[in-house]
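S.K.: all I have is the shape, not the residue letters:
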């Protein structure tokens with residue numbers, strides 16, 4: 001069995017989901033509740049990550065995350081994951097400067113979309129994920145079109161993620177507004193599915209809320225992580 005190092009705190013709510021779901025899925029795979037995976041969590045500062053990106057200091061962000069990965073490496077992790085979408089803006093640079101392999105939430109989500117033969121996807125998440133190309137590029141390279149909400153919608157989605165979801169608050173009014181944005185994208189932009197490109201979004205948007213396929217990046221990432229834990 002491999003030990004996973006989780007770079008958490010990005011935010012705390014999704015870190016809890018990663019921890020609990022990894023354990024649950026691991027036990028389901030092995031058919032026993034009397035087994036537990038070995039893991040180590042390094043909880044860092046989500047707001048520091050946002051500050052680096054807002055200031056355009058991607059080198060500073062890469063250094064910050066590299067140190068975080070090196071910490072779990074020292075603690076005995078065989079591989080690591082960054083339990084959020086936004087920090088993957090510097091994923092390649094972090095991987096280049098760390099000794100243990102990282103599993104990319106972006107790459108794993110693209111593989112899932114490819115397996116479903118979806119050619120036009122909507123993407124919601126933090127403003128950084130929606131504005132920048134790091135999440136969109138693998139899809140474009142694979143001839144999958146990525147559509148993001150209008151600028152005003154992006155601002156609303158981001159503000160509610162930071163003010164509510166990152167603090168564990170699930171507001172039904174916010175949920176309805178999110179669903180209305182997705183429905184508008186389906187009707188006006190012709191999206192075939194939606195990517196929940198923030199690891200807190202599954203707290204508020206459930207699979208049965210939508211009439212189109214939903215790519216839950218948190219669940220996709222966790223499934224791949226359990227695969228790697230069990231890989232020998």
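M.R.: Noted; the coordinates are in hand. In this text the structure is predicted, and so the values were computed from the model without any measurement.
S.K.: in stretch 38-48, what's buried?
M.R.: 39, 40, 41, 42, 44, 46 (16 or more other C-beta atoms under 10 Å). (Glycine included, C-beta is placed from N, CA and C.)
S.K.: typo on my end, it should be stretch 211-220
M.R.: Neighbour-count burial for stretch 211-220 [16+ other C-beta under 10 Å]: 213, 214, 215, 216, 217, 218, 219, 220.
S.K.: of all those residues, which two lie farthest apart?
M.R.: Using C-beta to C-beta, the pair of the buried residues of stretch 211-220 lying farthest apart is 213 and 218, separated by 15.6 Å.
S.K.: tell me, how many residues neighbour residue 167?
M.R.: Using other C-beta atoms under 10 Å, residue 167 has 12 other residues around it.
S.K.: and it, what's its pLDDT?
M.R.: At residue 167, the model reports a pLDDT of 90.
S.K.: list the contacts for it?
M.R.: 11, 13 (C-beta atoms under 8 Å, 6 or more residues apart in numbering).
S.K.: circling back to that earlier point, nearest to residue 189, out of the buried residues of stretch 38-48: which one, please.
M.R.: Out of these, the member with the shortest distance to residue 189 (by C-beta to C-beta) is residue 46, at 29.8 Å.
S.K.: wait, that closest one sits on residue 11?
M.R.: Yes - under the criterion of C-beta atoms under 8 Å, residue 46 makes contact with residue 11 at 4.6 Å.
S.K.: shared neighbours of those two, anything?
M.R.: The contact sets of residue 46 and residue 11 overlap at 84, 166 (C-beta under 8 Å, 6+ apart).
S.K.: three-state assignment of the closest residue to residue 98 other than its chain neighbours?
M.R.: Residue nearest to residue 98 in three dimensions, not counting chain neighbours: residue 69, with 4.5 Å by C-beta to C-beta, 6 or more residues apart in numbering. On the three-state scheme (DSSP: H, G, I helix; E, B strand; the rest coil), residue 69 is labelled helix.
S.K.: just checking, residue 69 touches residue 94?
M.R.: Yes - assessed by C-beta under 8 Å, residue 69 is found in contact with residue 94 at 6.3 Å.
S.K.: what sits in contact with each of the two?
M.R.: Here residue 69 and residue 94 have 82, 102 as joint contacts, going by C-beta under 8 Å, 6+ apart.
S.K.: circling back to that earlier point, of the buried residues of stretch 211-220, which belong to strands?
M.R.: 214, 215, 216 (DSSP state E).
S.K.: gap between the second one and residue 139?
M.R.: Okay, so that is residue 215. Distance of residue 215 to residue 139, computed by C-beta to C-beta, to the nearest Å: 11 Å.
S.K.: for these two, list the residues in contact with both.
M.R.: Jointly contacting residue 215 and residue 139 under the rule C-beta under 8 Å, 6+ apart are 113, 121.
S.K.: which segments of this structure make up each domain?
M.R.: 4-104+220-230, 106-216 (automatic domain parsing).
S.K.: just the pLDDT for the closest residue to residue 78 other than its chain neighbours.
M.R.: In this structure, residue 78 finds its nearest non-sequential neighbour in residue 2, 4.1 Å apart by C-beta to C-beta, 6+ apart. Note on residue 2: pLDDT of 97.
S.K.: what residues does the longest helix along the chain touch?
M.R.: Longest helix in the chain, counting residues (DSSP state H): helix 12-30. Outside helix 12-30, the residues within contact range by C-beta under 8 Å, 6+ apart are 4, 6, 8-9, 33, 35-37, 39, 41, 43, 46, 81, 83-84, 165-168, 199-200, 202-203, 218-219, 221-223, 225-226, 229-230.
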